[in-house]
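**Student:** Generate coordinates for the sequence data below:
(chains A and B)
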Protein chains: 2
Amino acid sequence: MRPKIVLFGDSITEDSFQLGGWGASLTHHFSRTVDVVLRGYSGYNTRWALKMLERVFPASQETDPIALTVFFGANDACLPNRYSAFQHVPLSEYKENLRTIVSFFKKRWPTTHVLLITPPPIDEEARLRYPYLDNPENLPERTNEAAGEYARACIAVANECQVPVIDLWTKMQYSSGWEKYYLSDGLHLTNGGNQLVFEEVIRKLRDIGLSVESVPIDLPLISDIDPNDPMKTFL
Amino acid sequence: MRPKIVLFGDSITEDSFQLGGWGASLTHHFSRTVDVVLRGYSGYNTRWALKMLERVFPASQETDPIALTVFFGANDACLPNRYSAFQHVPLSEYKENLRTIVSFFKKRWPTTHVLLITPPPIDEEARLRYPYLDNPENLPERTNEAAGEYARACIAVANECQVPVIDLWTKMQYSSGWEKYYLSDGLHLTNGGNQLVFEEVIRKLRDIGLSVESVPIDLPLISDIDPNDPMKTFL
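**Tutor:** Have a look, this model is predicted:
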């Protein structure tokens, strides 16, 4: 059976098979070696995710996935006094929830590499142009500063739990023009943003010894089949 | 556990998670309802696929996939006297192999909807510009006429086995300019070609009663969560 990589997170994970999405790129990258399994839940925060963990990942006899991305925080970081307050999770609870999520997976799948991803930065000006609910106050429901606090909390939990982490919040802001280059609505990913997440995931997987080269190829490649005697490959 | 759709075929399946690919579109379409599993093998014909069936699809205790696409023929239809002759499978053997493949799945997974897809048409002029091996004779290794014979054979097997079939060879040629609009190198799919395959697969699945609406959603949608009391959803 092929190994699996599971993508667990919010809309930035759920949407990762849209045109140019990082989940689709990952599937293509590993097309003959690894199955990529999508478990993205738009709008979810760590509080809701925690309640659903057992249901989304029931105990089974299946082998552990080789890796799992945990990509939450963008919704937890909604401000508690703006229109999206119902998604807000206080910072200390976010950290505790993330710890519990990581522990859950370490217990369920002891050999799985868990990889945390911080929320992306927020372009507040774009959030005003793309509210997803009524926004009579005309104030952004997320700020970049708050997202940064959750990103730092995510990194702290990763260090504490000794799992790798992608600091997307910081990485994106290295580039001037990140607001439009990486983000389509101040929060979700453009093709450029998807490409960055894909490259960072590939890089982190490589750091922990997982790459296309390290995983067995499912069936011989056409380039390894002898044109003069193809059937000898299939004896 | 979520239901699965398995995509089994040659490079047109293996490449289906490239930018704009039909497999990625299918995964996105079913992002909260169905797992899409990629089993594409570039260059493979039905003869090689048959030899590998037990290895690719070992008997397991897992439940049957809800659907499976079988998309072979483009390589079988390579001409026996051109540079890609090693991939050629005679028409009568192709039919027999397809029958055996369908029977294998009907036996292994009695409840799975098997969906055949014919090879696409061939743009011979483009094949000359994109040979994938040395082509000293400068003759196309595939012709549209031969692809059409294999497409008709695929349809005949589908009718015989009473499984649905997508006649891609005919459907693509309905549009003038199909050679460039649907095909990137006279054989593989452009974004337009991928879109057509995606839409046809969705349509056929719908015909047999499978759609986003017919499959349970994995966890409540954000739009179904009460902003005034979100946790009541997760009790």
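**Student:** contacts, neighbours, all on C-alpha from now
**Tutor:** Will do.
**Student:** Return the distance of the closest residue to A:G186 other than its chain neighbours relative to B:F105.
**Tutor:** The shortest distance from A:G186 to any non-neighbouring residue, by CA to CA, 6 or more residues apart in numbering or on different chains, is to A:D123 (4.2 Å). Going from A:D123 to B:F105 by CA to CA, to the nearest Å gives 50 Å.
**Student:** one step back: and the pLDDT at the residue nearest to A:G186?
**Tutor:** In this model, A:D123 is scored at 98, pLDDT.
**Student:** interface residues of chain A facing chain B?
**Tutor:** Proximity of chain A to chain B is confined to A:1, A:14-20, A:24-25, A:27-28, A:31-32, A:35, A:37-44, A:48, A:51-52, A:56, A:86, A:218-219, A:221-222, A:227-231, A:234-235 under the rule CA under 8 Å from any CA of the partner chain.
**Student:** Helices along chain A, start to end?
**Tutor:** For chain A, the helices defined by DSSP state H cover A:11-14, A:22-29, A:46-56, A:91-108, A:124-129, A:144-161, A:168-173, A:178-181, A:191-207.
**Student:** that older thread, show me which of the residues of chain A next to chain B are buried.
**Tutor:** The neighbour-count test (16 or more other CA atoms under 10 Å in any protein chain shown) applied to the residues of chain A next to chain B identifies A:14-20, A:24-25, A:27-28, A:31-32, A:35, A:37-44, A:48, A:56, A:86, A:218-219 as buried.
**Student:** And A:Y150, how close does it get to A:N45?
**Tutor:** 12 Å.
**Student:** What of A:V89?
**Tutor:** Taken as CA to CA, the span from A:V89 to A:N45 is 7 Å.
**Student:** again, but for A:F86
**Tutor:** 10 Å.
**Student:** just A:K107 next, same as before
**Tutor:** Distance, A:K107 to A:N45, using CA to CA: 22 Å.
**Student:** of these two, who's got more company?
**Tutor:** Here A:K107 and A:N45 are set side by side on neighbour count (other CA atoms under 10 Å in any protein chain shown), and the busier one is A:N45, at 25 against 10.
**Student:** Now intersect the buried ones among the residues of chain A next to chain B with the strands, please.
**Tutor:** Secondary structure defined by DSSP state E assigns A:35, A:37-40 of these to strands.
**Student:** and the most centrally placed residue in chain A, what does it touch?
**Tutor:** Ranked by distance to the mean C-alpha position of chain A (CA atoms, centre = their mean), the top residue is A:F71 at 4.0 Å. If you count contacts by CA atoms under 8 Å, 6 or more residues apart in numbering or on different chains, A:F71 has them with A:7-10, A:12-13, A:116-119.
**Student:** switch the cut-off to 6 Å
**Tutor:** A:9, A:117 (CA atoms under 6 Å, 6 or more residues apart in numbering or on different chains).
**Student:** for A:L68, same thing?
**Tutor:** Here A:L68 is in contact with A:5-7, A:114 (CA under 6 Å, 6+ apart).
**Student:** switch to 8 Å and redo it
**Tutor:** A:5-8, A:112-115.
**Student:** what pLDDT does it get?
**Tutor:** 98.
**Student:** likewise A:F234?
**Tutor:** In this model, A:F234 carries a pLDDT of 89.
**Student:** since we're on the closest residue to A:D185 other than its chain neighbours, how many residues are nearby?
**Tutor:** In space, and not counting its chain neighbours, A:D185 is closest to A:A126: 5.4 Å by CA to CA, 6+ apart. Neighbourhood size, A:A126 [other CA under 10 Å]: 17.
**Student:** if you compare the helices of chain A, which one is most tucked away?
**Tutor:** Here the criterion is mean neighbour count by mean count of other CA atoms under 10 Å in any protein chain shown, and of these the winner is helix A:22-29, at a mean of 25.
**Student:** what comes into contact with that one?
**Tutor:** Here helix A:22-29 makes contact (CA under 8 Å, 6+ apart) with A:7, A:13, A:16-18, A:34-36, A:38, A:194-195, A:197-198, A:202, A:212, B:14-19, B:24.
**Student:** re earlier: look up how far A:K107 lies from the residue nearest to the centre of chain A.
**Tutor:** For A:F71, the distance to A:K107 - CA to CA - is 19 Å.
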